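*Asks:* Give me a model of this one.
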Amino acid sequence: MTQSEKPLPQTDTGPRVPAAKLTLLTLTTMVVGSMVGAGVFSLPSRFAQETGVAGALIAWAVAGTGMLMLAFVFQRLAIRRPDLDAGVYAYAKAGFGEYLGFFAAFGYWASACVGNVTYWVLIMSTVGAVAPALGEGDTVLALVLSSVGLWAFFFVIRRGVRQAAAINRIVTVAKVVPILVFVVLALFYLDPRVFAENFGGADYAGSLFQQVKGTMLATVFVFLGVEGASVYSRHAKRREDVGRATVLGFLSVFAVFASVTIVSYGIMPMGEIAELRQPSMAGVLEYAVGNWGQVFVSVGLIVSVLGAYLAWTLMAAEVLFVAAKDEDMPRFLGRSTPADVPVAALLMTTLLTQVVLVVTLFSDDAFNFALDLTSALTLIPFLLAAAFAVKIAGVDRGRDLVIALLATVYTAFLLYAAGLKYLLVSFIIYAPATVLFVMARREQGRRLFSPREFVVLAVSVVGAAVGIVALAVGWISL
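*Replies:* Residues are numbered from 1 along each chain as shown. Take a look at the predicted model:
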């Protein structure tokens, strides 16, 4: 038994419950549950701010193809490398070494925590439509109520993975229904004249390329979670179900996301859609059917967002836990309860989410900034996973190689579309995380950095320094 295989100390005493074994249905609902969250309810306004119908159709074609390639990448990697757990992180480590694997784990985890903040902000903004004291989710009262909900979920999840997964399965069904109803009602009330006027986009939208480029981070955010089954792969009853759940989950939500966006252009002029407060889907349906439409979508949003928060918190904690078991994170993050809950990782996830919630009080547009930052933080882990698929495909596996190359090109384009601002802010978050890597290496009595790892460290530190200066002098802003 190697050092990395030695069992880690537990936080609780008593008989240990066997690791939860999840079925194909449960894994699929975890993918759907993590993908269908805050993002879908914000799509009408997010797209209308950037593009018209033509640009939206192209954007969804590009995003759908690119994310489908990523889904296929995770499907193939789950089959070809069943020894690798925790998906994105494990693939980056296997392909490019421990330090970049650590960065992938931390970046994926941090993106999940920032994404969880958007859920609470959006819930409070939704309720704020009838309770002005909550504003758009960025007031002191909204922070207090969000914090209460945040820690309530911590104690629910701490009771056990089985209970959390069962709740997620029920919530997934409950939250998809109002979204489908929105699409059907919007089709019924669709005005062909309004749809035609919105087809080419408004004057402020710019060239068609700029319109499509402007929507890319929004599409990344709503598709985050496509890798959900691979992240939780150690709990699958059958390894092949991981890949199947990934593709089934993706295909089941792609048409819904695209439909929500496109049908909205037939209800209101895009300039008015762009000005709607979030959740903009509620404003669109209110315009079509009256006040009950806003209430209906708002209730659906709260159920949806709470379900997505549950799924993402589970996945975030799982990544830290597996990284710690592989000795790429400090050992304390590898402790779990007898109910198979990585409690230290769960606590750290909740704490970072709490910190970012406080930061939203000082942001001009808390929801959109957190949404875009979530997407940007995820792109580097996605790019490393896709590049790993290229690395192991080999010329003798032509189909796998083409899929991996397409996924790699797509994620590289997304980094370009994100722009320098979010790349620099990502470095500000990534660089300090190296403290955890140093802690892990010292626990093992190992050399802190190899020459190649030192180069990666230098790049991250320089990027963080440039980002801090850019924020200080006003080149970029939150």
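
*Asks:* ok, residues contacting the particular helix or strand that has Val222 in it?
*Replies:* Following DSSP states H and E, one finds Val222 within helix 208-223. If you take CB atoms under 8 Å, 6 or more residues apart in numbering as the criterion, helix 208-223 is touched by 35, 39-40, 42-43, 46-47, 49-52, 54-56, 58-60, 62-63, 67, 115, 201, 205-206, 250, 257, 371-372, 374-376, 378-379, 413-414, 417-418, 422. C-beta coordinates here come from the backbone N, C-alpha and C atoms, glycine included.

*Asks:* What residues of that helix count as buried?
*Replies:* Residues of helix 208-223 classed as buried by neighbour count (16 or more other CB atoms under 10 Å): 211-223.

*Asks:* Kindly report the same for stretch 116-136.
*Replies:* 116-129, 134-136.

*Asks:* gap between that stretch and the chain center?
*Replies:* 20 Å (CA atoms, centre = their mean, to the nearest Å).

*Asks:* avg pLDDT for it?
*Replies:* Averaged across stretch 116-136, pLDDT comes to 81.

*Asks:* Kindly list the single helix or strand of this protein that scores lowest on mean pLDDT.
*Replies:* Scoring the helices and strands of the chain by mean pLDDT, DSSP states H and E places helix 228-231 at the bottom, with a mean of 53.

*Asks:* just checking, next helix/strand downstream of that helix?
*Replies:* From helix 228-231, the next helix or strand downstream (DSSP H and E) is helix 240-264.

*Asks:* list the helices and strands that next one packs on?
*Replies:* Using 3 or more CB pairs under 8 Å, 6 or more residues apart in numbering; DSSP states H and E, the elements in contact with helix 240-264 are helix 24-35, helix 38-48, helix 53-80, helix 161-189, helix 208-223, helix 228-231, helix 280-289.

*Asks:* buried sites along it?
*Replies:* 241-250, 252-254, 256-264.

*Asks:* Please compute how far that helix lies from its chain's middle.
*Replies:* On CA atoms, centre = their mean, the centre of helix 240-264 falls 15 Å from that of its chain.

*Asks:* Which SSE is immediately downstream of it?
*Replies:* Tracing the chain past helix 240-264, the next element assigned as helix or strand by DSSP H and E is helix 270-274.

*Asks:* that older thread, what's the angle from the helix holding Val222 to helix 240-264?
*Replies:* Angle between the axes of helix 208-223 and helix 240-264 is 130 degrees (criterion: axes from the mean of the first three to the mean of the last three CA atoms, to 10 degrees).

*Asks:* Quick check, pLDDT for Thr350.
*Replies:* Note for Thr350: predicted pLDDT of 90.

*Asks:* tell me the contacts of it?
*Replies:* By CB under 8 Å, 6+ apart, the residues touching Thr350 are 150-151, 153-154, 313.

*Asks:* same check, this time on Val461
*Replies:* Ala431.

*Asks:* Please report phi then psi for it.
*Replies:* In terms of degrees, to the nearest 10, the main-chain angles of Val461 are phi -70, psi -40.

*Asks:* how far away is the closest residue to Pro432 other than its chain neighbours from Tyr108?
*Replies:* For Pro432, ignoring the flanking residues on the chain, the nearest one in space by CB to CB, 6 or more residues apart in numbering is Ala464 at 7.5 Å. Distance, Ala464 to Tyr108, using CB to CB, to the nearest Å: 18 Å.

*Asks:* the more surrounded of the two?
*Replies:* Tyr108 (29 against 20; other CB atoms under 10 Å).

*Asks:* who are the neighbours in contact with the more buried one?
*Replies:* Tyr108 sits next to 88-89, 316, 319, 377-378, 381 when contact means CB under 8 Å, 6+ apart.

*Asks:* how does it look with 6 Å?
*Replies:* 88, 319, 381 (CB atoms under 6 Å, 6 or more residues apart in numbering).

*Asks:* Could you find the closest non-adjacent residue to it?
*Replies:* Excluding the flanking residues, the one nearest Tyr108 by CB to CB, 6+ apart is Pro381, at 4.5 Å.

*Asks:* Was I right to think that neighbour contacts Gly107?
*Replies:* Yes: using CB atoms under 6 Å, Pro381 makes contact with Gly107 at a distance of 5.1 Å.

*Asks:* Show me which positions of the top helix by length along the chain end up buried.
*Replies:* In the chain, taking DSSP state H as the definition, the longest helix is helix 291-325. For helix 291-325, burial by neighbour count (16+ other CB under 10 Å) applies to 293-294, 296-298, 300-325.

*Asks:* Does that helix pack against any helices or strands, and if so which?
*Replies:* Counting contacts by 3 or more CB pairs under 6 Å, 6 or more residues apart in numbering; DSSP states H and E, helix 291-325 packs against helix 24-35, helix 98-128, helix 161-189, helix 228-231, helix 280-289, helix 343-359.
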